[in-house]
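Asks: sequence plus the predicted model coming up.
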Number of protein chains: 2
Amino acid sequence: MAVLFLLDVQVTLLSVLLLCWAGGCAGIPDPRLRDLLIQQEASRQTGGAVLLTDTEQRLSAQLHELKLQEIARPEFPPAMHFFKARALIQRSPIFSLLQKMPKGAALHVHSSSMVGVDWLVKNVTYRPHCYICFTAARSVRFLFSAQQPRTQPHCSPWLLLETLRSKMNTTDLDNSLIQNLTLFTGDPETAYPSQDSVWSKFEETFNVASGLVSHAPVFKDYFYQGLQQFYTDNVMYLELRAALSQTYELDGSTHDRAWSLKAYQDVARKFVTEQPDFLGARIIFSVHRGLNSSEVRVAVEEAMRLQKEFPEVMAGFDLVGREDSGRPLWYFREALSLPSERGVTLPYFFHAGETDWEDTDVNENLLDALLFNTTRIGHGFALARHPLAKDLSRKRGVAVEVCPISNQVLKLVSDLRNHPAAVLMSEGHPLVVSSDDPATFGATGLSHDFYEAFVGIGGMNAHLGTLKELAINSIRYSSLSPQLKDKALTLWQRKWDKFISENSQ
Amino acid sequence: MAVLFLLDVQVTLLSVLLLCWAGGCAGIPDPRLRDLLIQQEASRQTGGAVLLTDTEQRLSAQLHELKLQEIARPEFPPAMHFFKARALIQRSPIFSLLQKMPKGAALHVHSSSMVGVDWLVKNVTYRPHCYICFTAARSVRFLFSAQQPRTQPHCSPWLLLETLRSKMNTTDLDNSLIQNLTLFTGDPETAYPSQDSVWSKFEETFNVASGLVSHAPVFKDYFYQGLQQFYTDNVMYLELRAALSQTYELDGSTHDRAWSLKAYQDVARKFVTEQPDFLGARIIFSVHRGLNSSEVRVAVEEAMRLQKEFPEVMAGFDLVGREDSGRPLWYFREALSLPSERGVTLPYFFHAGETDWEDTDVNENLLDALLFNTTRIGHGFALARHPLAKDLSRKRGVAVEVCPISNQVLKLVSDLRNHPAAVLMSEGHPLVVSSDDPATFGATGLSHDFYEAFVGIGGMNAHLGTLKELAINSIRYSSLSPQLKDKALTLWQRKWDKFISENSQ
C-alpha cells in the first residue's frame, strides 16, 4: 500500500510539473520533474523495476565502479571483435563475477556447439578407430569405423588418426584440427571479410564436427560434457536446438531420431542425479530452412510424433540456417499449420530477424513467427526496426533470445554498444541472453555473452537488477512446466542469495 | 470519406482476425490478417502514410529495382566506411537521382565546413597576403596580413604562401594542405583507430581552416560559395551552426559577432536575389560546451541581444563540441534559463545524444534538451535507447537531425544499417537528414547523406514516400515562420513535380 501511495503522489507531481513545463514555466526546469523523468525512464529498462536488497545494492555499486574502470581503459572489449577482446574479457573482474553468478538457463544453444573444441580434439579424436580425410578446400572429415572406410567423394582416402599421429608433430596436427572446428582466429577481419565468407566457414565447422559428434558413444559423452561445461559456468538448465541427425556405430549401423532423443533424456537424467542442483535439458528439434516444403512437412509430422513420445525432453520445433539465403517461414506455412489443424500442440521457437537486410519475405519472418504463435524469437536482431512485431511480441510475452557474440562474429554488428537489443533493453522488452554456438565462437557457457550484454549492450545503465531479471527471465520464458519453473526459481534464488552474500563487500 | 470508411473496415477486420488468432484459430494464419499487419507496420514508417501519384509510384518502383541491384553487388556502400564507399556511391544511379532530387533544407551544418576544402586551397590560399606556418604536430596555420605577421607560439615563422609556392612543387604542397583540412583518407581504420584520435584530428581541421575563413573578405566569399554548393546540390535553404568568431582584416583590425551576422544576412540576401528559387539561410549561434557556466551565461546574453537585433537571420542558440568530453547541458542550467526568466524567446537547437556511452550526466543531455524546450535535437544518436525522451520528442514534434556520415566517421557506428535512426524511421519519428560537416568528411551538400539514409538506414523498406517526407520534414521542422514555410513548401512542390516528371520512366 505504501508503495502504491508513493507511486500515486509521484504520478500527480509528475502531471503538475509536466503541465507547468508544457505551459512554459520560467526559469530552470524543476529538478524534481527532471529526477522523476530520469527515474521513470530507468524503471522501464530490463531490471529497472527489480527491488534490490541492501547487500545487492552494495554489489551493484561495486559493479558500477568496475564498469567505470573498464570504460576508462584504452581498449573497450564490447567495441572490439570478440576474438580480439576475449583475453581482455577474461582478465576483467566483471567477467569473474559473471562466471560465479547463477545465470539460470541457456535457452538458445545449438547442440553441436556446446562443448569447447579442445575437448573434441584432445579427447574424441584420440579414441580408437577414428579416421580422418582431407578435402580439397583444406578442411577435414572424421569417421569412426571398425574397419577401413570407403573413400568419400571430394575427400582423400581415410587415414587412421592414430597412424597419422605416430608420423607427425601431434601438436601441429591437433592445432590444425582445432582450427577446422572453430571460427576463432587472431585476425577475424582478414579471415572473414564478408557475411558470406563467415557463414561459409561457420557451416563448414559443423560439417567437420558431425563425423565426431554423431558417433553414438561420442554423442552421449559429448552431451554429458556439454552439460558439465554449462553447469561449471553456473547455468542450471538448457534448451538445445538439435537436428537429431542419424547417429552411427563402429559397424556402420545407424540410429534414428527417437534414439537421439532418448539418449538426450537418459544422459540429462543421469547428470541431474549426479548434480541435483541442475535441472536438465530439453530439445528443440530443428531442421534446415534450406529444405523444401514437403521435406519440412515430413519433419513437422515427425516432430509431433516425437513430442507425444518424449514429452519430458522434447520442447518443440524450429527452422535453422542463414535466414538471408534460406526460405522464409511463410513459404512453409502449410507444414507449420499442421499441428493446429490437427489440434496437436507443437511449440515453436523460431529463429527470426537474424538479419540486417530489410528484405521482402525474410523481413516478415518476425511477424510470421508471431502469427504462428512462436514461444520465443531466436535472435530477433531486426525486431527493434519492426514496431508492430515488437508490440505484439511484448504484449504476448514472447521473449527474444539475444546472442551478442554470435551476432558480432556473424557480422551483423561490430561495436556491441550498437546492438539493437540496447533498444529492447531500454524498454524492458522480454528478453534472455544466450550463446548460440559458444564452441564455434571460442566462448564458454553463457558468461562471455553475459559480459557483452551487461557491459556493452546494457552500458552504464545496466546494473545488478538487470542481471537478476535476465537470469529470472531465462526461467520464466523457458519451456518448463509451471511446476518446474517454480522449482527452478526456488533453486535459483538459493544460489543467487549465496552468490550475493559471498561477493558483496 | 471513402478512405475513412476503408480504414474503419480494415480496423474491424483486423480486430476480428486478431481475436481469432489470439484464440488459436486452427490452420494457416489468415493471409488477410498478415497483409493488414504488414501494411500497418509499413504505414508507421517515415513516409509510410504519404500518398504517391501514379508517376511517383513508377519512380518508386525504379528506385526499388536499383536498390535490389545495389544489394546484389559484392560491396554494399552503407556497410563500408564512407571514405572507402564514396567512389562507389558516386557511381550509383540512386545517388544521381538523389542529387537531382529537391531535398528541401539542410538543418544541421556547421558554418566552417560548408565548402569543399579544394576551394579553400585552390582559391583562398592563392589570394595575395596569405601566410602559412607549420606546427610541431605536422599541422599548419594560415593568416592574411598586409605585412609579415609576428611568429605565434608553437608554430614556425610565417611564410608567404606565394613565396613558398615559387620554390616547391605546388601540387604536392596543395595536396598536403588539403590533407590538413579534411579527415578524408584512403585508409580510415588505420588513420583513426579510436574516437579520441578521430575527434582530435577533426577539431584540428577547424583550427587549420579558421585563419582562412575568419579573414573578413574570405568569410563572405566562403559563405557565398557554400550557398552555391548546397544550391547546386538541390538544397533550397540552410540553418547553420556558427560560432560567429571574430573576423579580421589585412591590417589586423577585427569585427565582432554582429558584423558576422550582418555579413551572413547580406550575402544570403544577395544570393537569394540572384537565385529566387533559393530561400536563404539562418544562423544558430553556437558556443563550445567546454566553456564554463559564466562564459556560457555571457554567450546566452549576447545571443538574446543578437536575436533581437537580427531576427531575420538569427535562428537561435546551441552548444557544440564532443559531448563525451564536454560539459552536460544540466551544468549550464542557469545560463540556459535566462531567456525564459526574462520572458525573451531564444530558440534552442541542442546537440544531444551524439554518444554511444550510456554515461551519467551526458546520458541525460537528451532529456535536458527537451526540458529546455529545444526546437530540434542535433544527432540524437542515443535517442532510440531513451524511450521516455523519445516519447516526449515525438509528442512535442521535436525532430532529430540525423547525420549518418558524421556518425560513421566519428566512429559511433560502422555499418550504417545499424544506425539507430533505423528504429526511429521505422516508427515514423520526426526526423530530418543532414550532413553536419560535409567538407571535413569529403561529402557534398546533402546527397551523400541522403544516399546513406535512404539505402543504408532505410534499407529495402524506404521508398519514394520516405524521401518525400524527409524533404518536407526539412521545411516543416525548420525555424522559418509559418508564412515562409508555406512559401518554401510551394516552391519545393514545384521543384518536386518537375523532378518526378523528368525522372519517372
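Replies: Arrived safely. Predicted model only: the values in this text are computed from it and were never measured.

Asks: wait, A:Trp119 sits on A:Gln225?
Replies: Yes. When contacts are counted by C-beta atoms under 8 Å, A:Trp119 is listed as touching A:Gln225 (5.9 Å). Yep, even glycine has a C-beta here, placed from its N, CA and C like the rest.

Asks: compare neighbour counts for those two and give me the winner.
Replies: A:Gln225 (19 against 16; other C-beta atoms under 10 Å in any protein chain shown).

Asks: how much space separates the more buried one from B:Ser478?
Replies: Look at A:Gln225 and B:Ser478: by C-beta to C-beta, to the nearest Å, they are 64 Å apart.

Asks: now swap in A:Leu291 and tell me
Replies: 54 Å.

Asks: who has more neighbours, these two?
Replies: The neighbour count for A:Leu291 versus B:Ser478, taken as other C-beta under 10 Å, is higher for B:Ser478 (25 against 18).

Asks: excluding its backbone neighbours, what's nearest that one?
Replies: B:Ala105 (5.2 Å; C-beta to C-beta, 6 or more residues apart in numbering or on different chains).

Asks: would you confirm that the one you found contacts B:Ser474?
Replies: Yes. Under the criterion of C-beta under 8 Å, B:Ala105 makes contact with B:Ser474 at 4.0 Å.

Asks: now do the shared contacts for those two.
Replies: Shared contacts of B:Ala105 and B:Ser474 (C-beta atoms under 8 Å, 6 or more residues apart in numbering or on different chains): B:237, B:432.

Asks: which residues in the stretch 301-450 of chain A form strands?
Replies: Under the criterion DSSP state E, counting those that start in this stretch, the stretch 301-450 of chain A contains strands at A:314-320, A:349-352, A:376-379, A:399-402, A:431-433.

Asks: quick one: low-confidence parts of the stretch 1-150 of chain A?
Replies: A:1-25 (pLDDT under 70).

Asks: name the residues of it found near chain B, please.
Replies: For the stretch 1-150 of chain A, the contact set with chain B under C-beta under 8 Å from any C-beta of the partner chain comprises A:21, A:24-29, A:33-34, A:37-38, A:40-41, A:44, A:71, A:74.

Asks: so which of these is the most crowded?
Replies: Ranking the residues of the stretch 1-150 of chain A next to chain B using other C-beta under 10 Å puts A:Glu41 first, with 25 neighbours.

Asks: what sits against that residue?
Replies: Counted by C-beta under 8 Å, 6+ apart, A:Glu41 has contacts A:426, B:367, B:386-389.

Asks: just give me the closest of the residues you listed to B:Arg417.
Replies: A:Ser426 (19.9 Å; C-beta to C-beta).

Asks: give me the number of residues near the closest one?
Replies: 28.

Asks: please give the element, helix or strand, for whichever residue of the stretch 51-200 of chain A sits closest to chain B.
Replies: For the stretch 51-200 of chain A, the residue closest to chain B is A:Ile71, as judged by C-beta to the nearest C-beta, at 7.0 Å. Here A:Ile71, judged by DSSP states H and E, is contained in helix A:54-72.

Asks: equivalent analysis for A:Ala49, please.
Replies: Assessed by DSSP H and E, A:Ala49 sits outside every helix and strand.

Asks: swap in A:His108?
Replies: strand A:105-110.

Asks: before we move on, what about A:Phe271?
Replies: Per DSSP H and E: A:Phe271 is located in helix A:257-274.

Asks: and the pLDDT at the residue of the stretch 401-505 of chain A found nearest chain B?
Replies: For the stretch 401-505 of chain A and chain B, the shortest gap (C-beta to the nearest C-beta) falls at A:Gly459, measuring 2.9 Å. The model reports A:Gly459 with a pLDDT of 92.

Asks: same thing with A:Leu480?
Replies: 98.

Asks: pull the number of nearby residues for the residue of the stretch 401-505 of chain A closest to chain B.
Replies: Neighbour tally, A:Gly459, other C-beta under 10 Å: 23.

Asks: how close does it get to A:Thr345?
Replies: For A:Gly459 relative to A:Thr345 (C-beta to C-beta), the value is 40 Å.

Asks: residue contacts, the residue lying closest to A:Leu370 once chain neighbours are set aside?
Replies: The spatial neighbour of A:Leu370 that comes closest, neighbours along the chain excluded (C-beta to C-beta, 6+ apart), is A:Leu392 at 5.0 Å. By C-beta under 8 Å, 6+ apart, A:Leu392 lies in contact with A:367, A:370, A:398.

Asks: I'd say the last one and A:Leu367 touch.
Replies: What it means is A:Val398. No. Using C-beta under 8 Å, A:Val398 is not in contact with A:Leu367; the gap is 11.7 Å.

Asks: list the contacts for A:Met236?
Replies: Contact analysis of A:Met236 by C-beta under 8 Å, 6+ apart lists A:102, A:104-105, A:277-279, A:488, A:491-492, A:495.

Asks: sitting in helices, which of these do you find?
Replies: Secondary structure from DSSP state H places A:488, A:491-492, A:495 of the contacts of A:Met236 in helices.

Asks: ok, and the most crowded of those?
Replies: In the ones in helices among the contacts of A:Met236, the most neighbours by other C-beta under 10 Å go to A:Trp492, 23 neighbours.

Asks: I appreciate the help and will end here.
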